[in-house]
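Asks: Predicted model, plus sequence, below.
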Amino acid sequence: MWLVPFFALLIYIGAIRLVYLLEPWLVQIEPWPPWGVAGSQRLLETIITMTLTFVVFTFGSLLVAIQIAGGQLTPRIIATTLLRDNAIRFTVGLFIFTLLFATGSLARLETDVHHAVVGIAGVFGFLSIIAFLYLIDYAARLLRPVSIVLRVSQLGRDVIEDVFPTTVGDEVDLMPAPSLPNGQPDKVIRYQGRPAIIVAVNKSALLKMAQKTHSVVELVPRIGDFVASGEPLFRLYGATLPDETLLRTMIAFGPERTLEEDATFAFRIIVDIAIKALSKAINDPTTAVLAIDQLQRLLCFVGKRSLREEATLDQSGELRVLCRTPDWDDFVKLTFSEIRLYGAGNFQIARRLRAVLESGLQVLPACRRPALEAELVLLDQQLAELYRFPEDLALARVADAQGLGGSKPLPDEARIRMENAQWEPRRSA
């Protein structure tokens, strides 16, 4: 968040000199404001006091609001969304620039009034007032739960599209994963350093190194995994192996997971928001329904992508780099398991989860349906244990995109498929 205000400081250093350099051409305009030294001094002092107040209020109130939002939703939203918001960054940058420009103009104010310079400071002061009023409204809307989950969902969608660029066909994800050349690696590179999380991998650079040495590079942990000192980081296969030092530089480590290349982290954040809303301390199932709305969006999007992107082949079709990625079962379990465990006892959550499952069965390819049908059976089994009264159980088993209040009957074909999915595992047992 400090980058834009820092660049505002650098811009001020050049802008104040440029304005005084061009002043002989600027003063040809009718002087504004037409005040003397005392009036210009009071104007600049007012702008300094005003912008300094804006900066203090903005940082103070945002820090408190972000902490409250992080406590009510999830702390993961602080670093991943709120502190990276460009509207907040550039508004604070404007305040810093105006503060410094007015201070520099006041320091150069002597017996003569530089009308053009004072007028420019006044314009920036006026823009700062507008930006401050806008920021109050923007921050209030930004910190709403629906805005947070929508923003995380959009970021997650972009990451999924980047990690899994191709769409799925019924036969693509059924193909076996490429096998490594030998049973035992020729060399194992272990992680050395402080415990950290893998946040990004430079796959293109790994591919070039593997092609150059005609070897196969396997990254043992996945992006988002925690690694401690001494744990395997790379497994190398081949007669000629890449340089160990260069390989270590191809991985970025951090103290926590990020959304840059972690395809499941957006799911993790939204699920955390949902299960926290379902806790006894907060008891806000409607917020959980809003989170499930975005989970449905992400799940249907990732279900239409090919998830066989862990193997990177060279131009001749030989395996060179293996970086494991989440499979369809990982996404399904992450989406439903915890929310079903903590929220199935609430009518809104039970009905909304069923609506997600039924929607996925209708819109996703056939290769995605078994995992969804298994989750539907688990949901029914848990509902049967939670609801004692048949009327409540019947109400909880109705699919509802609104949670409670917007149910509609399924088409006959979808209803028959649901019934078969529920009864088939029981017949097999």
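Replies: Yep, that arrived.

Asks: Quick one: list the elements packing against the top helix by length along the chain.
Replies: Looking across the chain with DSSP state H, the single longest helix is helix 37-72. Judged by 3 or more CB pairs under 8 Å, 6 or more residues apart in numbering; DSSP states H and E, the packing partners of helix 37-72 are helix 76-80, helix 86-107, helix 115-142. No exception for glycine: its C-beta is placed from N, CA and C like everyone else's.

Asks: Could you rerun that using 6 Å?
Replies: In terms of contacts (3 or more CB pairs under 6 Å, 6 or more residues apart in numbering; DSSP states H and E), helix 37-72 is packed against helix 86-107, helix 115-142.

Asks: Next, the buried residues of that helix.
Replies: Neighbour counts over helix 37-72 (16 or more other CB atoms under 10 Å) mark 40-41, 43-44, 47-48, 50-52, 54-55, 58, 62, 66, 69-70, 72 as buried.

Asks: how distant is stretch 229-237 from the center of its chain?
Replies: Here stretch 229-237 is found 29 Å from its chain centre; the criterion is CA atoms, centre = their mean, to the nearest Å.

Asks: next one: stretch 341-360
Replies: With CA atoms, centre = their mean as the basis, stretch 341-360 stands 24 Å off its chain's centre.

Asks: List the buried residues in it.
Replies: By neighbour count with 16+ other CB under 10 Å, stretch 341-360 contains the buried residues 342-344, 346-360.

Asks: how about residue 261, what does it touch?
Replies: When contacts are counted by CB atoms under 6 Å, 6 or more residues apart in numbering, residue 261 touches 200, 223.

Asks: let's see it at 10 Å
Replies: 159, 162-163, 198-201, 203, 223-224, 252, 323, 325 (CB atoms under 10 Å, 6 or more residues apart in numbering).

Asks: go on, residue 117?
Replies: With the criterion set at CB under 10 Å, 6+ apart, residue 117 makes contact with 16, 19-20, 22-23, 26-27, 40, 44, 101-102, 104-105, 108-109.

Asks: same thing but 6 Å
Replies: 19, 105.

Asks: From residue 370, how far off is it?
Replies: 71 Å (CB to CB, to the nearest Å).

Asks: ok so, going back, now the contacts of residue 261: which count as buried?
Replies: Applying 16+ other CB under 10 Å to these flags 159, 163, 198, 199, 201, 203, 223, 224, 252, 323, 325 as buried.

Asks: with these in mind, which one is nearest to residue 86?
Replies: Lowest distance from residue 86 to those (CB to CB) belongs to residue 159, with 18.1 Å.

Asks: so that closest one is in which element?
Replies: Per DSSP states H and E, residue 159 falls inside helix 145-163.

Asks: and the angle for that helix with helix 37-72?
Replies: 80 degrees (axes from the mean of the first three to the mean of the last three CA atoms, to 10 degrees).

Asks: which residues are in contact with helix 145-163?
Replies: So helix 145-163 is contacted by 73, 77, 81, 141, 259, 263, 266, 269-270, 287, 290-291, 294, 297-298, 301-302 (CB under 6 Å, 6+ apart).

Asks: Let me see the mean pLDDT of that helix.
Replies: Averaging pLDDT along helix 145-163 yields 90.

Asks: Distance from it to the middle of the chain?
Replies: Chain-centre distance of helix 145-163: 5 Å, with CA atoms, centre = their mean.

Asks: now swap in stretch 104-119 and tell me
Replies: Counting by CA atoms, centre = their mean, stretch 104-119 is centred 46 Å from the centre of its parent chain.

Asks: What residues of that stretch count as buried?
Replies: 104, 105, 106, 109, 113, 114, 115, 116, 117, 118, 119.

Asks: between the helices and strands packed on helix 37-72, which one is nearest to residue 317?
Replies: Smallest distance to residue 317 across these (CB to CB): 42.4 Å, for helix 86-107.

Asks: Between helix 115-142 and that closest one, find me the angle.
Replies: With the same axes, to 10 degrees applied, the angle from helix 86-107 to helix 115-142 works out at 150 degrees.

Asks: Output helix 86-107 as PDB, nothing but the C-alphas.
Replies: Extracted as PDB, the C-alpha positions of helix 86-107 are listed here (Å, rounded to 0.1, in the frame of the first residue of the first chain):
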ATOM      1  CA  ASN A  86      -5.900   0.700  -6.300                       C
ATOM      2  CA  ALA A  87      -8.600   3.200  -5.300                       C
ATOM      3  CA  ILE A  88      -7.300   3.400  -1.800                       C
ATOM      4  CA  ARG A  89      -3.700   3.500  -3.000                       C
ATOM      5  CA  PHE A  90      -4.200   6.400  -5.400                       C
ATOM      6  CA  THR A  91      -6.400   8.400  -3.100                       C
ATOM      7  CA  VAL A  92      -3.800   8.300  -0.400                       C
ATOM      8  CA  GLY A  93      -1.200   9.100  -3.100                       C
ATOM      9  CA  LEU A  94      -3.200  12.200  -4.000                       C
ATOM     10  CA  PHE A  95      -3.300  13.300  -0.400                       C
ATOM     11  CA  ILE A  96       0.400  12.900   0.000                       C
ATOM     12  CA  PHE A  97       1.200  14.800  -3.200                       C
ATOM     13  CA  THR A  98      -1.100  17.700  -2.300                       C
ATOM     14  CA  LEU A  99       0.300  17.900   1.200                       C
ATOM     15  CA  LEU A 100       3.900  18.000  -0.100                       C
ATOM     16  CA  PHE A 101       3.100  20.400  -2.900                       C
ATOM     17  CA  ALA A 102       1.300  22.900  -0.600                       C
ATOM     18  CA  THR A 103       4.200  22.600   1.900                       C
ATOM     19  CA  GLY A 104       6.800  23.200  -0.800                       C
ATOM     20  CA  SER A 105       4.800  26.200  -2.100                       C
ATOM     21  CA  LEU A 106       4.500  27.700   1.400                       C
ATOM     22  CA  ALA A 107       8.200  27.300   2.000                       C
END
